[in-house]
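Engineer: the sequence and its predicted three-dimensional model are supplied below.
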Amino acid sequence: MNIRHAKTFLLGALALCFFVSLFSNQINSYWLFIAYDIGINIILAVSLNLINGYTGQFSLGHAGFMAVGAYTAAVITNQFGELNPFLSIAVFLGALLAGGLLAALAGLLVGIPTLRLRGDYLAIVTLGFGEIIRVMFQNMQSVGGARGLSVMHGWTNFFWAFGFAAVTVYVVTALVHSTYGRGFIAVRDDEVAASAMGISTTRYKVTAFVVGAFFAGIAGGLYAHSKQFITPGGFGFMQSIAIVVMVILGGMGNTIGVIIAAILLTLLPEFLRPVAEYRMIIYSLLLIILMLTRPQGLFSLRKSPSK
Amino acid sequence: MTEFLQQLINGLALGSILALIALGYTMVYGILRFINFAHGDIFMLGAFAGFYLAPKVATIFPMPSIGGGLAVMGISMAICAVIGIVIEKLAYRPLRRSPKLTVLITAIGVSLLIEYTCQNDHVFGAAPKSFPAIFPIHHITQLGGLSLNSNQIIVFAVTLILLLALRFIVLKTKIGMAMRALSFNPEAAALMGINTDVVISFTFGLGSALAAAAGILFAVNYPAIDPLMGILPGLKAFVAAVLGGIGNLPGAALGGIIIGVTETLVAGYISSTYRDAIAFGILILILLIKPSGLLGKKEIEKV
Amino acid sequence: MSALLQLDKATIRFGGLTAVSELNLEIGRNELVGLIGPNGAGKTTAFNLITGVYQPTSGEIIFDGQSLVGSKPHQIAKRGIARTFQNIRLFDSMSAFDNVRTAARLHCPRGVRNALWRGRAFRDGEKEIADEVMELLEIFQLGKFRDSFAKSLSYGDQRRLEIVRALATKPKLLLLDEPAAGMNASEKTELMRLIQFIKDKFQISVLLVEHDMQVVMGICERIAVLDYGVKIAEGKPEEIRANPKVIEAYLGD
């Protein structure tokens, strides 16, 4: 992947998003909200791809980080959103970043104990952490507990959703496509050899978790301000699996593939609307068939080495 | 004190059920180094099998009765054994040489497929159903107000019998020996003339039968059954298997008991809202302190 | 002259089995030392002790004046010990270039911020590393494989690549674990020349574990012999060749 002009690309993307969002009242609001979902899912999938795809740490608890970000951002905007209409952008951005940072902290707390675990164990433990986070929010009456939390300001728009998506893609790509970033892949390919070559596997794994969790938190905040209602149940195992499927479908460690997969899987429920009753059955069947026939993902081209 | 003992008995009953499920996890992991995510759903299928079988069996045996109940359980176990074997053959066997992650995801897919299919109105429907009484119910009051009902006694009795039967199979039969050989060294086992496919199928069948029994025992004590009932017990049973030392049979049983008792006591004395998180908490603790489990051996990676 | 690496009664026990017992071994600067012994003698275990994969149960390991005990493998790599593995452990999903590049990072670590900002400093740093990596690859005639999957190289080339990768960490001591395994006669001769070349050009010490006597006797200045975790002999190749205890260890199993 040639990213010599990555920064220009990022700025261009942000400008484009800003432009589009100015005209978003011309767009059918139903599809607009689906577009927001796409942006959010891109952030989730690309951030998880850093942990699962590039670093090889199979995390099944990504929705937990999303939850932390969602609740944090929601609480902040609910509290401070009324202060000053001119400051609303700053409050929103601040809330999102706060959500991201707290989620990153959660990522740190999850990443450290899981350092010595491999494969299946890691998956189960991260699943467990995700569930613990969910149960915690379920029992937190101050944010609505199981009944959920209303988010007063639906501030998510095209610019925020896709702007952050662009930032996420930039950060993850820039990190990985550097000599520093080879470390992530080395950890995935062979931890023993990696540490023999001076790579601190601990540092890379934790970094992957923290960065991945940060963006999941941002995605959570954006999600909260799009749906305007969040419940702990929405951030459980199923949600984590949904994100994992995007990463697998896209090909672990293949950012473009993962982005396409995120778009496809967000739109899939729309295509399956006529058979909505059987949607999840088809979904799980597809997953099994995918694993049996093309586990490297739909878009993985293993003809050339990881770039 | 009686309160404590009462909770202890409840915990032991729950723990026995978890133990039966955990055994299935640990057997499969011992042989294939693979976590069968769909195992918890077999537990659910066992309960539902019992649900639909009960009225049919009632035409032969008088119900509720010990004989009738056991017949329902036995047939459920057989059905689920077959289901387990079929799943292995269709979804896991083709991936035996694939990376572990691929099979894990496939297992998740199978689990979701079972759950969603069963939730469909054309199958079981998502709404909970009421499991019929297949065993006769008596309340037995012990000393000082301790109450033990017959369903709990059945849980203990059946679990004990199944554990002994499993022990017999694993230690005293040829196929049991083959299972143990496979868990130590699959290549060597194959070279010794052991038909690995048959042994693996048998293991899945055996584990599934135990899970089905657990499902029936669970449904007898907590009669509301629904297609998603296997998720939490499945996860907790997995934790139990890890706690005891994954791949270790007595460990799985021990782990099940510990989790069942701990969860019940915590729910009773501290807070019931965090009940489901207990198992995960124990999981994280054990993986931090002694990842090989209470009875497990440390596996050293050859560099 | 102080030794570069010194093992002082290094011992490691796994449960009831003592894999390496009170091993005393010294490697001086710019020395080529061989470590031989029958299968299971503890040679790779000794390597794992030195590189921090295992921690000694007792005894001391001192490198360049500092103790290695308690240090993790990546820290030991930073101090200047690099290794290859008995079963080749290349980074399979990466190209040959990237395999070496990953190791080259060790001495010019540029952090996260740099990679994200992508300024001049980053670009210059990346170019510097790329040049270094290409230079190394060229020296060992692997330049043409730079963009190929490491896994797609021939067996002999893979072994060479693993050595190149280890060299990219600019080590003072290079540990080679059975580099001649699976090679034919002419490849072995080439390997011997290569190891000699590495020692001379990079002025480093080499500790070589090897089964092939032709290779060991051919290039090692000094040889230590392990049997059941114990050092039973040490000396020049001619002395070792004639040593009755060594002969017995290999034949009298």
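Structural biologist: Sure, I can see it.

Engineer: for the stretch 51-200 of chain A, what lies in contact range of chain C?
Structural biologist: Applying Cβ under 8 Å from any Cβ of the partner chain, we find that the stretch 51-200 of chain A lies next to chain C at A:171, A:174-175, A:178-183, A:185-186, A:188-190, A:192-200. Yep, even glycine has a C-beta here, placed from its N, CA and C like the rest.

Engineer: among the residues you listed, which are in reach of chain B?
Structural biologist: residue A:192.

Engineer: quick one: buried ones out of the residues of the stretch 51-200 of chain A next to chain C?
Structural biologist: Buried residues within these, counting neighbours by 16 or more other Cβ atoms under 10 Å in any protein chain shown: A:171, A:174-175, A:178-183, A:185-186, A:188-190, A:192-200.

Engineer: name the residues that touch stretch A:100-115?
Structural biologist: Residues outside stretch A:100-115 that contact it (Cβ atoms under 8 Å, 6 or more residues apart in numbering or on different chains): A:57, A:59, A:61, A:64-66, A:68-69, A:72, A:122, A:125-126, A:129, A:133, A:201-202, A:205-206, A:208-218, A:220-221, B:284, B:287-288.

Engineer: of these, just the buried ones, PyMOL syntax please.
Structural biologist: For the buried members of those, the matching PyMOL selection, counting by 16+ other Cβ under 10 Å, is:
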select buried, (chain A and resi 57+59+61+64+65+66+68+69+72+122+125+126+129+133+201+202+205+206+208+209+210+211+212+213+214+215+216+217+218+220+221) or (chain B and resi 284+287)
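
Engineer: can you name the residue of the stretch 51-200 of chain A nearest chain B?
Structural biologist: Of all residues in the stretch 51-200 of chain A, residue A:128 sits closest to chain B, at 3.7 Å by Cβ to the nearest Cβ.

Engineer: that residue against residue B:283, yeah?
Structural biologist: Yes: assessed by Cβ atoms under 8 Å, residue A:128 is found in contact with residue B:283 at 5.2 Å.

Engineer: the helices in the stretch 51-200 of chain A, which residues?
Structural biologist: Applying DSSP state H, counting those that start in this stretch to the stretch 51-200 of chain A gives helices spanning A:62-80, A:88-111, A:119-138, A:158-176, A:179-189, A:191-196.

Engineer: and the stretch 1-150 of chain C, by the same measure?
Structural biologist: Using DSSP H, counting those that start in this stretch, helices in the stretch 1-150 of chain C cover C:43-50, C:73-79, C:96-104, C:112-117, C:120-139.

Engineer: Throw those helices into JSON lines and include mean neighbour count, thanks.
Structural biologist: Shown next, in JSON lines, are the helices of the stretch 1-150 of chain C (neighbours: other Cβ atoms under 10 Å in any protein chain shown):
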{"stretch": "helix C:43-50", "mean neighbour count": "24"}
{"stretch": "helix C:73-79", "mean neighbour count": "20"}
{"stretch": "helix C:96-104", "mean neighbour count": "27"}
{"stretch": "helix C:112-117", "mean neighbour count": "16"}
{"stretch": "helix C:120-139", "mean neighbour count": "15"}
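
Engineer: and the stretch 201-303 of chain B, which residues reach chain A?
Structural biologist: By Cβ under 8 Å from any Cβ, the residues of the stretch 201-303 of chain B that approach chain A are B:231, B:235, B:238-239, B:242, B:273-274, B:276-277, B:280-281, B:283-284, B:287-288, B:291, B:301, B:303.

Engineer: for the residue of the stretch 151-300 of chain B found nearest chain A, which non-adjacent residue is closest in space?
Structural biologist: Nearest residue of the stretch 151-300 of chain B to chain A (Cβ to the nearest Cβ) works out as residue B:280 at 3.7 Å. Sequence neighbours aside, residue A:128 is the residue nearest to residue B:280 in space, at 3.7 Å (criterion: Cβ to Cβ, 6 or more residues apart in numbering or on different chains).

Engineer: need phi/psi at residue C:53.
Structural biologist: Here is the backbone geometry of residue C:53 (degrees, to the nearest 10): phi -70, psi -40.
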